[in-house]
Structures are given as C-alpha cells and as structure tokens.
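S.K.: take a look and give me a structure for this.
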Amino acid sequence: MPYDRLDKDIAMMKAAGINVVRIGESTWGTMEPREGEFDFSHLDRVLDAMHKAGIRVIIGTPTYAIPAWMAKRYPDVLATTAAGQNKYGTRQNMDITNPDFRRLAERMIRAMLAHVSDHPAIIGYQVDNETKHYNTSGKQVQQGFVNYLKEKFSSLDAMNDAYGLNYWSNRINSWEEFPEVHESVYTSPVTSINGSVTAAFAAYQRSLVTEYLAWQADIVNEYKKTGQFVTQNFDLDWRGYSYGIQSSVDHFEAAQAMDIAGVDIYHPGQNQLTGAEIALGGDLSRSMKNGQNYFVIETQAQGFPQWTPYPGQLTLQALSHVASGANMVAYWHWASTHNAIETYWKGLLSQDYAENPTYLEAKQIGNKLASLGDNITSLDKQNDVAILFSNEALTAFNEFSFGWGAQQKYNDVLRPFYDSLYRANIETDFLDPSNFADKAENYKLIIIPALYSADDNVLNAIADYVENGGHIVTTFKTGFTDENVKVRHSTQPGGLSEVLGVTYSQFVHPERASLKTEMMNQETADEPLKWWMELVTAQQADVLATYSHPVWKDYAAVTRNQFGKGSATYVATMPTDAQIDAILSSAAATAGLTRSENRFPVVEKNAVNQKGKALRFLFNYSENTVSATISGIEGKELLSGEAIANQKTLSLAPWGVAIIEVTN
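M.R.: Below you'll find the model as predicted:
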C-alpha cells in the first residue's frame with residue numbers, strides 16, 4: 001500500500017461483512033530481506049489488527065516467489081526448462097526439487113510458523129500458491145525421471161518394448177545413455193519424438209508437485225493447532241480464464257495432503273458471463289475430497305476491464321459458488337496495486353481505495369451471507385452424473401492429438417460435454433481413474449471424454465459399471481492406447497469394443513460432413529461436424545446417427561449398445577454444441593434421470609443444508625428478465641422472505657438469484 005491505511009481498510013472490510021483475509025503469500029523477499037535475516041513485523045501488525053477487529057486470517061507460505069538474493073547467490077535454484085534456464089523476475093521460476101531451494105524454503109516456513117503459530121487470529125494455512133511443476137527439467141529432474149523409470153520397469157527391454165523405442169533408433173541400451181526429455185514432443189528444441197516417453201515424463205513432473213505440496217503440508221502440520229486447516233489453491237487450465245483440467249498437477253493426488261481443497265476460479269464477465277467455469281471449478285474441487293465442501297481462495301471482484309461486473313453479477317457469482325458447495329468466497333484481491341504486472345488486475349477497491357459500485361455490491365453480499373448463515377453453509381450435494389477425467393489421457397491426447405501440429409486438446413473435448421450438462425441443469429461430479437471403480441456405482445450416468453490412454457483395469461471397471469446397470473457416454477479415441485500410450489493392437493475402440501458394440505479401423509477429417517439422425521431437428525443435424533470422424537461399423541449397437549456425407553454415409557457416427565443391465569453410447573466424432581445437447585439429452589433419458597424443466601440461461605442447483613432442508617438455487621445468467629419453472633415446490637425464498645406455494649414459475653431479474661428452502 002502506498003500509505004498507511006490499515007484501520008480504514010479494516011473498517012471497510014467490516015462494513016462489507018468480510019470475515020477472513022489471506023496474507024503472507026509471495027512475500028518472501030519482505031519476510032527475509034537478506035539471507036537468514038527475518039522480519040515478520042508486517043505479519044504481526046496485520047494479525048493483531050485483524051484479531052482486534054474479529055477478522056480471521058489464513059497465512060500462506062511465501063514460497064512461490066523467491067527473493068532476489070536467492071537467485072543471485074544460488075542461481076541453480078532457477079529452473080531449467082526446454083527453453084533453457086529461467087531468469088529472475090517472474091514468480092514460479094524456480095526448480096521445486098532443487099536442494100538449495102528446499103533447504104531455504106523449509107527454513108523460511110519454519111521461521112514464519114514458529115513466529116506466528118500461536119496467534120489467535122489464524123484459522124488455517126495455505127501451502128504455496130497455484131503450484132505446478134513449472135516445466136522444470138534440469139539435470140536433477142532428468143536423473144529423477146530415470147530413477148522413476150527404473151522403478152516402473154523390470155528391465156530396459158521392458159521399457160523399450162512398452163514405449164516402442166526401436167523406432168528411429170530411439171532404443172536405450174544403458175540407463176546412463178538415457179537422453180534428456182522435456183515436456184512435449186512439440187517443444188522447441190524437440191528432445192523426443194516419442195509421446196510415450198514425454199507422457200511418462202509429464203506424469204513424473206506431476207508427481208513432483210504432489211510430493212512438494214505434501215512436503216510443505218507436513219511441515220505446517222507440525223505447527224498448526226487443533227481446529228486449524230491446511231489448504232492449497234489449485235488452479236485450472238488457463239485460456240485467459242479458468243478453462244479445464246490442469247495438465248501440470250494431479251489434483252486428486254495432491255489434494256490428499258490437504259485438509260480442505262481450495263481453488264482459483266476466474267471466468268469471463270459482463271455479457272460473456274455464463275457461470276460454467278464457476279460450476280466446473282466447484283464440481284472438480286468438491287470431488288477432490290470425496291464431496292467435501294471447498295474454498296474458493298481466489299476469484300475476481302473487478303479484475304480485467306472486460307471482467308468489471310454489471311450490477312448484480314457479483315451477487316450472482318458469489319451465490320453460484322455457494323450453491324456448488326463453496327464454504328468460502330475470497331476475492332483476489334482487496335485493493336488494486338499501483339505498480340508491476342497486475343496493476344490492471346483490479347481488486348474490490350480501485351487504485352483510489354474509495355468506495356465503488358463493485359465494493360458496494362460486495363457489502364450487500366457480505367451482509368446477506370451473514371443473515372443467511374447456516375442456511376447455506378456446508379451444503380450437501382448428491383449428484384447422479386459424473387465425468388471421468390484423466391491426467392494421463394490428457395497428456396497423451398495432447399501429445400498426439402489429431403496429427404502433427406494439430407491444435408485441438410483434451411479440454412476441447414471435455415469442456416463442450418461438461419458445458420452441455422451445465423446448460424441442461426444436470427449437476428455433475430468428477431471421477432478420475434484412481435477412484436472410478438469405487439465410486440462409479442453411485443452414478444446413473446458417467447460421461448467419458450477422450451479417454452485416450454488407460455490401463456486394462458480402468459477399462460474393465462467401465463465394462464463392469466455398464467454391465468451392472470450403469471450408463472456411459474464416451475467419445476472418439478477412448479481406449480485407443482494403453483497406460484504407456486502404446487496403441488492397442490486389438491480392434492478399436494480398444495478394450496471397449498464389446499461394451500460399445502462397435503468397431504472401426506479408419507478415421508478421417510470431417511470435410512463437408514454433418515449428421516443424419518432422428519435424435520435432433522434437421523437444422524441441428526445439418527451443422528458441420530467440428531473435427532475428427534471415426535468410420536464406425538455397428539456390430540451389436542443401435543445406430544443413432546450416421547454421417548451425412550457423399551462417401552462416408554454408411555458409417556455410424558453415434559451409437560448406443562445395451563450391455564448387460566446398462567447402456568453405452570459412443571460418439572465417434574466431435575459434434576457441435578447443439579448436437580452434443582441432443583446426444584446427452586437422449587442418454588439422460590435412457591439412464592432414467594429426473595430432468596429439470598429449466599434450461600440455460602436459467603441455471604438450477606440443488607443441495608441440502610445443515611438443517612436437512614432441501615434448497616433450490618435459481619440463477620438468471622442473462623440481461624433479460626426470465627421465468628424459472630418451480631412447479632410442485634412449496635417453501636420460502638430466502639433472499640426476499642416471500643412464501644412460495646402453488647406457483648408454476650418464478651420471475652428472475654437480469655442477473656438475478658433466488659434461493660428456495662423447500663418444505664414439501
């Protein structure tokens with residue numbers, strides 16, 4: 001801050017109902033201005049002031065941005081990537097495996113915790129921040145990867161066979177001659193032409209993140225008091241906003257070391273606001289800890305100019321987080337900075353630190369949340385639908401994708417299918433291969449996008465789920481390779497051909513292709529397919545759609561097979577959004593799902609509160625007044641206090657929200 005205004009800030013926070021702040025993160029250079037010299041006076045000042053005001057504090061370990069003296073004295077701390085060694089200046093530029101970094105980080109964390117751990121304002125700790133492996137691939141990481149492979153394979157011959165390394169003379173005949181590997185076959189300079197090797201390296205890099213966060217959590221656990229928690233704010237794939245599954249972290253594995261999962265969720269704003277990213281980030285975070293409520297540790301207040309919220313949108317966003325199961329909604333950040341790269345990433349306050357429309361709406365939100373209290377906290381959510389995602393499939397799919405230089409990625413498949421469920425108000429959980437076999441039976445319908453790489457155990461678990469009465473929708477490229485990204489030599493779709501009741505051996509680009517089907521109206525069916533067409537022949541499956549194409553018209557595009565007590569729908573191409581809507585609507589009906597009558601822009605979310613009362617949240621993600629269907633519901637609308645009885649619809653203002661506590 002450019003001048004002392006802590007008392008004023010706290011007064012404004014109190015007026016807005018803010019009851020927790022997060023401090024400490026990324027301030028290593030302030031806490032340890034010179035090596036071994038610690039200064040925690042700024043922490044003491046803020047902790048004391050917040051405690052006096054009754055505001056709780058989350059302390060972050062400051063390790064994701066190293067101080068200048070460290071880079072100068074220990075240059076090897078800066079990570080080496082495919083592009084060479086990093087330079088000092090940015091955050092997250094270090095090698096999280098470097099011994100000097102670990103030694104200095106541990107000393108910093110212990111010194112800070114020893115100093116603050118008895119402070120009564122602290123309710124929990126955040127380890128690091130938005131942690132990833134940062135593409136670290138220096139000598140130590142390369143040796144670690146070789147050791148990882150030695151444990152994975154019984155012999156060099158086994159590895160050479162699994163990864164197909166005889167191709168182009170890539171065979172390894174001695175561990176000592178194993179070449180350097182970097183993050184992708186597409187990086188420059190290219191260090192591997194083998195996607196099996198680079199996918200294995202990516203898995204190893206993700207394991208470094210899991211180990212690093214667990215290492216920090218173990219240190220913090222030595223100091224934390226009863227009732228305090230450890231969390232981490234995981235972030236998602238970034239496309240100018242939070243988009244999909246993060247490729248650099250195994251969220252489900254890394255979250256095991258945390259008491260509570262935390263997440264960053266940033267999303268388009270103004271007329272581009274749909275709430276889909278809010279829902280996806282929440283569904284993923286809730287699923288990380290087996291349905292446990294989670295923290296939104298960062299989301300936007302104003303943010304970029306294109307994110308400055310319209311009136312009502314900040315309320316809509318906050319309550320959308322709560323409806324997904326969030327027990328905290330925290331903004332990055334309180335007050336906008338005057339220097340450096342985030343100058344125009346605006347917080348609740350702008351650079352003048354005065355009241356503004358966003359802050360004034362935050363005041364309304366804070367006071368409303370306080371009045372609602374336990375009615376909307378620690379919500380229990382039980383969903384009938386899940387999405388099976390896989391970090392391994394993501395890496396492998398992105399390596400090979402659709403041919404040399406292709407741009408489509410794993411999240412380009414997952415997001416359209418997720419978004420279709422969201423538009424239809426079909427709430428969703430996430431599964432990954434580690435918990436699929438144990439959790440699948442809890443769901444009526446499971447969506448499986450592009451499971452390109454999977455071992456036989458996962459495919460067998462999918463088959464068992466369907467045979468025992470479950471329903472799946474899976475897409476092209478599922479089952480194509482094994483866990484080592486080696487293409488299965490069996491008939492495709494590898495490992496699932498019998499379950500899906502189809503076979504194929506060829507695939508093409510969908511030039512001039514659309515769908516011929518009775519599943520959707522003609523206008524939707526006629527929309528050009530996006531990319532990829534497998535030329536599928538139905539063996540036992542019913543054909544729901546064929547290709548409308550002068551040459552490929554006899555091949556199936558969408559099929560459904562009855563297998564045991566369940567059904568398996570196969571989508572052999574990348575449909576348009578409207579086509580996906582029709583396919584998933586048909587699958588939902590087959591699975592016997594109870595469907596909401598509401599469709600986007602009316603977003604409906606359901607939960608049960610601590611009192612055992614069913615809640616129905618209704619959101620209007622549009623600039624127009626809309627009617628939401630509420631037939632058969634009686635109860636009370638919690639925001640207005642109005643009784644709900646014998647009504648068919650409820651009017652929602654532009655960007656409006658209603659929360660109905662159901663009594664019947």
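S.K.: assumed residue 42 was part of a strand.
M.R.: No: counting by DSSP: H, G, I helix; E, B strand; the rest coil, one finds residue 42 to be helix, located in no strand.
S.K.: quick check: nearest residue in space to it, chain neighbours excluded?
M.R.: Excluding its sequence neighbours, the residue lying closest to residue 42 (CB to CB, 6 or more residues apart in numbering) is residue 30, at 6.4 Å. In short, each C-beta sits where N, CA and C put it, glycine included.
S.K.: quick one: pLDDT of residue 76?
M.R.: Looking at residue 76, its pLDDT stands at 97.
S.K.: got it, and residue 404?
M.R.: Residue 404 is given a pLDDT of 50.
S.K.: how about residue 429?
M.R.: Listed pLDDT for residue 429 reads 98.
S.K.: so what's it up against?
M.R.: Shown in contact with residue 429 (CB atoms under 8 Å, 6 or more residues apart in numbering): 283, 286, 287, 291, 383, 385, 386, 387, 443.
S.K.: the second one belongs to a helix?
M.R.: Yes: the assignment for residue 286 (three-state DSSP) places it in a helix.
S.K.: low-confidence ranges, this structure, go.
M.R.: Low-confidence segments of the chain, defined by pLDDT under 70: 184-190, 401-406.
S.K.: for it, what's the longest helix?
M.R.: Taking DSSP state H as the criterion, the chain has its longest helix at helix 195-221.
S.K.: so which bits of stretch 331-340 are buried?
M.R.: Under the neighbour-count criterion of 16 or more other CB atoms under 10 Å, stretch 331-340 has 331, 332, 333, 334, 335, 336, 337 buried.
S.K.: for those, work out which two are farthest apart.
M.R.: Largest separation among the buried residues of stretch 331-340 by CB to CB: 331 and 337, giving 14.0 Å.
S.K.: do me a favour and get the end-to-end distance for stretch 21-30?
M.R.: End-to-end span of stretch 21-30 (CA to CA, to the nearest Å): 19 Å.
S.K.: so what's the backbone phi/psi at residue 566?
M.R.: phi -120, psi -170 (degrees, to the nearest 10).
S.K.: ok, now which ones touch it?
M.R.: 465, 466, 467, 468, 469, 470, 471, 472.
S.K.: where along the stretch 201-350 of the chain do the helices fall?
M.R.: 251-254, 276-288, 313-323 (DSSP state H, counting those that start in this stretch).
S.K.: can I get those in CSV with mean neighbour count?
M.R.: Below are the helices of the stretch 201-350 of the chain laid out as CSV (neighbours: other CB atoms under 10 Å):
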stretch, mean neighbour count
helix 251-254, 22
helix 276-288, 26
helix 313-323, 24
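S.K.: a markdown table for these, including distance to residue 354?
M.R.: Shown next, in a markdown table, are the helices of the stretch 201-350 of the chain (distance: least, CB to CB, whole Å):
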| stretch | distance to residue 354 |
| --- | --- |
| helix 251-254 | 39 |
| helix 276-288 | 28 |
| helix 313-323 | 17 |
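S.K.: tell me which of these sits nearest to residue 25.
M.R.: Minimum separation from residue 25 across these (CB to CB) falls at helix 251-254, 17.3 Å.
S.K.: now for the longest helix of the chain, which elements pack on it?
M.R.: In terms of contacts (3 or more CB pairs under 8 Å, 6 or more residues apart in numbering; DSSP states H and E), helix 195-221 is packed against helix 99-116, helix 139-152, helix 156-163, strand 229-234, helix 251-254, helix 391-400.
S.K.: quick one, which of the ones you listed is nearest to residue 322?
M.R.: Residue 322 lies closest, by CB to CB, to one member of the helices and strands packed on helix 195-221: strand 229-234, at 17.5 Å.
S.K.: and the residue lying closest to residue 38 once chain neighbours are set aside, how many neighbours?
M.R.: The spatial neighbour of residue 38 that comes closest, neighbours along the chain excluded (CB to CB, 6+ apart), is residue 111 at 5.1 Å. By other CB atoms under 10 Å, 15 other residues sit near residue 111.
S.K.: quick check: residue 111 vs residue 63, distance?
M.R.: Residue 111 sits 12 Å away from residue 63, going by CB to CB, to the nearest Å.
S.K.: and residue 280, by the same measure?
M.R.: Remark: distance between residue 280 and residue 63 (CB to CB) = 28 Å.
S.K.: stretch 243-260: which residues count as buried?
M.R.: Counting neighbours by 16+ other CB under 10 Å, one finds that the buried residues in stretch 243-260 are 243-255, 257-260.
S.K.: mind putting the helices and strands packed on helix 195-221 in JSON lines, distance to residue 51 included?
M.R.: Shown next, in JSON lines, are the helices and strands packed on helix 195-221 (distance: least, CB to CB, whole Å):
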{"stretch": "helix 99-116", "distance to residue 51": "11"}
{"stretch": "helix 139-152", "distance to residue 51": "42"}
{"stretch": "helix 156-163", "distance to residue 51": "56"}
{"stretch": "strand 229-234", "distance to residue 51": "18"}
{"stretch": "helix 251-254", "distance to residue 51": "31"}
{"stretch": "helix 391-400", "distance to residue 51": "41"}
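S.K.: hang on, the earlier thing: burial count for the residue nearest to residue 42?
M.R.: Using other CB under 10 Å, residue 30 is surrounded by 15 other residues.
S.K.: for residue 559, which non-adjacent residue is spatially closest?
M.R.: Using CB to CB, 6+ apart, the closest residue to residue 559 is residue 541 (3.8 Å).
S.K.: now do the contacts for the one you found.
M.R.: Contacts for residue 541 were tallied using CB under 8 Å, 6+ apart; they are 500, 501, 502, 556, 559, 560, 561, 568, 570.
S.K.: thought the third one was touching residue 536?
M.R.: Yes: using CB atoms under 8 Å, residue 502 is in contact with residue 536, at 4.9 Å.
S.K.: compare the two (neighbour count), which wins?
M.R.: Counted by other CB under 10 Å, residue 502 and residue 536 do not tie: residue 536 has more neighbours, with 29 against 26.
S.K.: which strand residues bridge the more buried one?
M.R.: residue 556 (DSSP bridges).
S.K.: is it true that it touches residue 561?
M.R.: No: shown here, residue 536 and residue 561 do not form a contact pair, counting by CB under 8 Å, at 11.4 Å.
S.K.: could you tell me which residues touch both of these two?
M.R.: 502, 570.
S.K.: need the helices for the stretch 1-150 of the chain, in chain order.
M.R.: Going by DSSP H, counting those that start in this stretch, the stretch 1-150 of the chain shows helices at 6-15, 28-31, 41-53, 68-73, 99-116, 139-152.
S.K.: closest one to residue 81 among those?
M.R.: The closest of the helices of the stretch 1-150 of the chain to residue 81 is helix 139-152. By CB to CB, the value is 9.8 Å.
S.K.: in the closest one, what's buried?
M.R.: Those buried within helix 139-152 under the rule 16+ other CB under 10 Å are 141, 142, 144, 145, 148, 149.
S.K.: quick one on the thing from earlier: okay, the contacts of residue 541 in a markdown table with distance to residue 493 and secondary structure next?
M.R.: Below are these laid out as a markdown table (distance: CB to CB, whole Å; DSSP: H, G, I helix; E, B strand; the rest coil):
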| residue | distance to residue 493 | secondary structure |
| --- | --- | --- |
| 500 | 6 | helix |
| 501 | 10 | coil |
| 502 | 7 | strand |
| 556 | 12 | strand |
| 559 | 11 | strand |
| 560 | 14 | strand |
| 561 | 11 | strand |
| 568 | 10 | strand |
| 570 | 7 | strand |
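S.K.: need the max-distance pair from the residues you listed.
M.R.: Using CB to CB, the contacts of residue 541 reach their maximum pairwise distance at 556 and 568, which is 13.3 Å.
S.K.: so between the two, which is more surrounded?
M.R.: The residue with more neighbours, out of residue 556 and residue 568, is residue 568; 29 against 22, by other CB under 10 Å.
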